[in-house]
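Enquirer: next input, structure requested:
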Amino acid sequence: MEEYLNIFVRSIFVDNMVFAYFLGMCSYLAVSRTINTSVGLGLAVIFVLGITVPVNYLLENYVLGKGALAWLGPQYADVNLSFLTFIMFIAIIAAMVQLVEMVIEKFSPTLYSNLGIFLPLIAVNCAILGGSLFMQQRNYANIGEAATFGLGSGIGWFLAIVGIAAIREKIKYSNVPAPLRGLGITFIITGLMGIAFMSFMGIQL
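Expert: Model prediction:
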């Protein structure tokens, strides 16, 4: 249980996709103008990461990796399909994003309209693919750890986009110098938030 908690907390605060690796910045900057749209996209990212990371873990360990097909028989023990990793990971991500898009369009047309092109672009959001690639790189012991990492990474991205959206709504009423208005001040605030999140690196679980 302690290992799961460690992975969960680290993926949210220490290894935050936005503030530690600056992944998913395109959607982070473009959709964070209002809290409502940020919450909607953030929840969609949590769902997609929470599903695709464990699914891709199974795909990596039981289909694509070297010797992963050994469960089919000893004659498949040397089969290595790792060259298909990127294609298969992206296919799984695209399928999940399509599902999310259909659900949001059905139950929340307003949010679907507000998110616009950035909802289907979750499929090419580098934070989503990054989650699966980090999972592959870190060799988690089981699917539970992979799912914990995926869920935590999604929550971390959610906190980042909702946090910057709240700040951007407030600074509309602030006297920001003209050259820094818009993305300029947003980049500065993002950098400061990244420095703030570095303080969590001292967490020991």
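
Enquirer: going by C-alpha atoms from here, please, whenever you check contacts or count neighbours.
Expert: OK.

Enquirer: what helix or strand is Leu49 located in?
Expert: Using DSSP states H and E, Leu49 sits within helix 35-59.

Enquirer: C-terminal to that helix, what's the next element?
Expert: With elements assigned by DSSP H and E, the helix or strand that comes after helix 35-59 is helix 85-107.

Enquirer: number of residues surrounding Leu121?
Expert: Leu121: 14 surrounding residues under other C-alpha atoms under 10 Å.

Enquirer: model confidence for it, exactly?
Expert: Leu121 carries a pLDDT score of 77 in this model.

Enquirer: what of Gly40?
Expert: Model confidence at Gly40, given as pLDDT, is 88.

Enquirer: contact partners of the lowest-mean-pLDDT helix or strand in the chain?
Expert: Using mean pLDDT, DSSP states H and E, the weakest-scoring helix or strand in the chain turns out to be helix 109-115, at a mean of 82. Contact with helix 109-115 is made by 31, 37, 40-41, 101, 104-105, 119, as judged by C-alpha atoms under 8 Å, 6 or more residues apart in numbering.

Enquirer: can we see that at 6 Å?
Expert: 104-105 (C-alpha atoms under 6 Å, 6 or more residues apart in numbering).

Enquirer: longest helix anywhere in this structure?
Expert: If you go by DSSP state H, the chain has its longest helix at helix 143-171.

Enquirer: what's the neighbour count on Ile128?
Expert: Quick note: Ile128 (other C-alpha under 10 Å) scores 28 neighbours.

Enquirer: what's the answer for the one 5 residues further on, then?
Expert: Using other C-alpha under 10 Å, the number of residues around Leu133 comes to 17.

Enquirer: do Ala196 as well
Expert: Neighbours of Ala196 using other C-alpha under 10 Å come to 12.

Enquirer: and it, what element?
Expert: Following DSSP H and E, one finds Ala196 within helix 183-197.

Enquirer: got the angle between that helix and helix 143-171?
Expert: 130 degrees (axes from the mean of the first three to the mean of the last three C-alpha atoms, to 10 degrees).

Enquirer: how distant is helix 183-197 from the center of its chain?
Expert: How far helix 183-197 lies from its chain's middle: 19 Å, per C-alpha atoms, centre = their mean, to the nearest Å.

Enquirer: what residues does that helix touch?
Expert: Counting by C-alpha under 6 Å, 6+ apart, Phe19 sit against helix 183-197.

Enquirer: what residues sit buried inside that helix?
Expert: Across helix 183-197, burial judged by 16 or more other C-alpha atoms under 10 Å covers 185-186, 190, 193-194, 197.

Enquirer: can I get those in TSV with pLDDT?
Expert: Listed next are those as TSV, based on pLDDT from 0 to 100:
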residue	pLDDT
Ile185	92
Thr186	92
Thr190	93
Met193	92
Gly194	91
Phe197	89
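
Enquirer: how far away is the nearest residue to Asn56 once chain neighbours are set aside from Val39?
Expert: For Asn56, ignoring the flanking residues on the chain, the nearest one in space by C-alpha to C-alpha, 6 or more residues apart in numbering is Phe89 at 6.2 Å. Distance of Phe89 to Val39, computed by C-alpha to C-alpha, to the nearest Å: 25 Å.

Enquirer: Ala30 too?
Expert: With C-alpha to C-alpha as the criterion, Ala30 and Val39 are 13 Å apart.

Enquirer: lovely, talk soon.
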